[in-house]
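Q: sequence first, then the predicted structure, then my questions.
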Amino acid sequence: MSVFSHPEFDGHERVAFHFDATSGLRAIIAVHSTRLGCGLGGCRMFPYASDADALTDVLRLSRGMSYKAALAGLPQGGGKSVILGDPRRDKTPELIRAMGRFVDSLGGRYVVAEDSGTSVPDIRLMAEHTRHVGGLADAASIAAGRSGDPSPATARGTYIGILSALRFQRGSDALRGLKVAIQGVGNVGYRLARHLHEAGATLWVTDLHAPAVERAVADFGATAVAMDEIHALDVDVFAPCALGAVLNARTIPQIRARIVAGAANNQLATPADGQRLLDHGLLYAPDYVINAGGIIDIFYEGPGYDEAVVHAHLARIGSTLTTIFERSAAERRPTGVIADAMAEAIFRR
Ligand code: NAD
């Protein structure tokens with residue numbers, strides 16, 4: 001298993017491996033860049049098939065966080081961690097505490113937050129051993145009804161991004177009478193549906209989980225559709241809010257919406273799919289730009305949290321996307337390529 005010559009290495013500042021014999025913790029922390037600030041990123045726990053798979057995942061994700069933080073206008077770098085194991089079977093308080101000590105050993109170069117396989121209670125447990133944690137609401141915020149869940153901010157940011165795409169393409173962001181198809185109505189997708197419904201859009205939804213669909217149908221009058229049909233509906237906007245790699249050689253030619261803008265991470269199956277979207281005349285809001293609401297919210301989390309400040313920052317997602325759309329049209333290059341170049345200009349300067 002190579003590290004320095006790994007295809008995803010990309011000049012990572014630090015890659016740390018840790019084994020804790022008492023708890024059985026096997027974990028990797030990757031810090032891609034701290035030029036703009038500490039490397040913030042979630043801790044993913046997953047039963048990787050091999051150590052090599054875990055390394056590839058953590059390097060890819062950590063690098064992605066540098067791009068995301070840069071274009072979100074945050075004074076932060078990119079980092080990520082992975083715990084090798086099945087969260088349902090292998091997670092113990094001792095293992096999570098050991099992860100907290102591992103995070104602490106990097107002295108603040110890496111700040112941990114929740115990701116798939118870890119939860120807010122896990123991060124709280126880590127916080128007993130390190131102060132380098134993000135995404136935890138303080139006691140006053142919790143008393144005021146905040147949970148520390150970044151999904152509402154992610155949904156709001158995604159909604160702002162959809163408005164920006166509409167303005168760019170149609171000259172108006174009026175949603176009344178427009179049709180939007182949402183793939184996945186979980187934490188983010190459901191809240192996005194609420195924003196769109198309140199603005200007058202008509203919704204089509206799908207989800208793996210039937211009760212999630214039923215809730216969107218009941219609350220927003222959405223129309224339920226089969227999972228393999230959602231991307232191909234005759235709508236104005238397709239919003240992927242479930243899983244990755246949904247934009248690929250098979251699906252892109254079937255998409256009838258002119259705008260693809262949703263919260264899911266890693267929507268492009270391959271880099272070539274960015275060009276494919278452009279060739280099909282689809283306006284694609286790069287995933288890590290439009291779904292940055294969560295990381296923005298986490299940045300402001302803690303004492304003195306001010307929702308108005310967070311909302312003002314979320315509004316910048318719209319202006320960043322407008323710049324990306326304009327440059328993409330002028331240079332005839334995919335929006336994702338433009339976004340990457342803009343991010344690199346920020347964190348590599
Ligand atoms: P979630 O698990 O709450 O919701 C995802 C939903 O998608 C679930 O209801 C699930 O049943 C459904 N789903 C899974 N596979 C599906 C399929 N093949 N077809 C249709 N539906 C399917 O997750 P979430 O927090 O809402 O996040 C949604 C996406 O946004 C993920 O890709 C996540 O990585 C990304 N994202 C989330 C945040 C956040 O703040 N939660 C921030 C940035 C990015």
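A: Arrived safely.

Q: residue of the chain nearest the ligand, please.
A: Of all residues in the chain, Gly186 sits closest to the ligand, at 1.9 Å by Cβ to the nearest ligand atom. Bear in mind the C-beta positions are built from the backbone N, C-alpha and C, glycine included.

Q: buried residues in stretch 45-54, which are they?
A: By neighbour count with 16 or more other Cβ atoms under 10 Å, stretch 45-54 contains the buried residues 45-46, 48, 54.

Q: contact partners for the closest residue to the residue of the chain closest to the ligand other than its chain neighbours?
A: Excluding the flanking residues, the one nearest Gly186 by Cβ to Cβ, 6 or more residues apart in numbering is Ala212, at 6.1 Å. When contacts are counted by Cβ atoms under 8 Å, 6 or more residues apart in numbering, Ala212 touches 184-186, 189-190.

Q: residues of stretch 264-275 that come out buried?
A: Applying 16+ other Cβ under 10 Å to stretch 264-275 flags 264, 267-269, 273-274 as buried.

Q: what about these, which are in strands?
A: The members of the buried residues of stretch 264-275 all map outside strands under DSSP state E.

Q: which of the buried residues of stretch 45-54 fall within helices?
A: Judged by DSSP state H, the subset of the buried residues of stretch 45-54 located in helices is Ala54.

Q: now the buried residues of stretch 45-54 in a markdown table, with pLDDT?
A: As requested, the buried residues of stretch 45-54 are exported to a markdown table (pLDDT from 0 to 100):
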| residue | pLDDT |
| --- | --- |
| Met45 | 96 |
| Phe46 | 95 |
| Tyr48 | 96 |
| Ala54 | 97 |
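
Q: give me the distance between the two termini of stretch 257-272.
A: 20 Å (Cα to Cα, to the nearest Å).

Q: check the offset of it from the chain's centre.
A: Here stretch 257-272 is found 12 Å from its chain centre; the criterion is Cα atoms, centre = their mean, to the nearest Å.

Q: go on, stretch 120-135?
A: Relative to the centre of its chain, stretch 120-135 is centred 20 Å away, using Cα atoms, centre = their mean.

Q: in that stretch, what counts as buried?
A: For stretch 120-135, by 16+ other Cβ under 10 Å, it's 122-123, 125-126, 129-130, 132-135.

Q: return the residues of the chain in contact with the ligand.
A: Contact residues, the chain versus the ligand (Cβ under 6 Å from any ligand atom): 150-151, 154, 183-184, 186-189, 206-209, 212, 227, 241-243, 263-265, 291, 294.

Q: among the residues you listed, which lie within strands?
A: Judged by DSSP E, the subset of those located in strands is 183, 206.

Q: so where's the stretch 201-349 of the chain uncertain?
A: For the stretch 201-349 of the chain, no stretch has pLDDT under 70.

Q: how does it look with 90?
A: Along the stretch 201-349 of the chain, segments meeting pLDDT under 90 span 243-244, 265, 298, 300-306, 348-349.

Q: pull the contacting residues for the closest residue to Gly274 other than its chain neighbours.
A: Spatial nearest neighbour of Gly274, chain neighbours left out: Pro334 (3.5 Å); criterion: Cβ to Cβ, 6+ apart. Applying Cβ under 8 Å, 6+ apart to Pro334 gives the contacts 274-275, 277-278, 284, 328.

Q: what do you get for Pro286?
A: Pro286 neighbours (Cβ under 8 Å, 6+ apart): 324, 335-336, 339.

Q: so which of those is the most crowded?
A: Tallying neighbours with other Cβ atoms under 10 Å puts Ala339 at the head of those, with 28 neighbours.

Q: give me the nearest residue to that one, chain neighbours excluded.
A: Pro286 (4.2 Å).

Q: now swap in Thr206 and tell me
A: Ile230 (4.3 Å).

Q: which residues touch that neighbour?
A: Ile230 touches 181-183, 204-206, 238, counting by Cβ under 8 Å, 6+ apart.
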